[in-house]
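# What follows is a protein structure lacking sequence information:
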């Protein structure tokens, strides 16, 4: 993939060209099980945590590793 971008000499490649627009989100009060199920369903390793009253407001990001650490800790 990197070589394909290198072939485009003279062109700038912007993040917006390759960013995934189909965002997978959870809310702060969702369970870690819900977050983990969404990760598996969408085959992603991290999910955006957004404010339920204002879904455009990013609260954080949760990863599979975060979930595993929480399960081990408790």
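That came through fine. Quick caveat: nothing in here was measured; it's all calculated off a predicted structure.
# Which strand or helix spans the residue most central in space within the chain?
By C-alpha atoms, centre = their mean, the chain has its centre lying nearest to residue 47, at 3.5 Å. Assigned by DSSP states H and E, residue 47 belongs to strand 46-50.
# Give me the contacts around that strand.
The set of residues that contact strand 46-50 without belonging to it, under C-beta atoms under 8 Å, 6 or more residues apart in numbering, is 23-28, 35, 38-39, 56-64. Where C-beta positions appear, they are placed from N, C-alpha and C, glycine not excepted.
# The helix or strand immediately after it in the chain: which residues count as buried?
If you walk from strand 46-50 toward the C-terminus, the next helix or strand you reach (DSSP H and E) is strand 58-63. Along strand 58-63, the positions that meet the burial threshold by neighbour count (16 or more other C-beta atoms under 10 Å) are residue 62.
# Tell me the strands beside strand 58-63, with direction?
For strand 58-63, the paired strands and their directions (DSSP bridges) are strand 46-50 (antiparallel).
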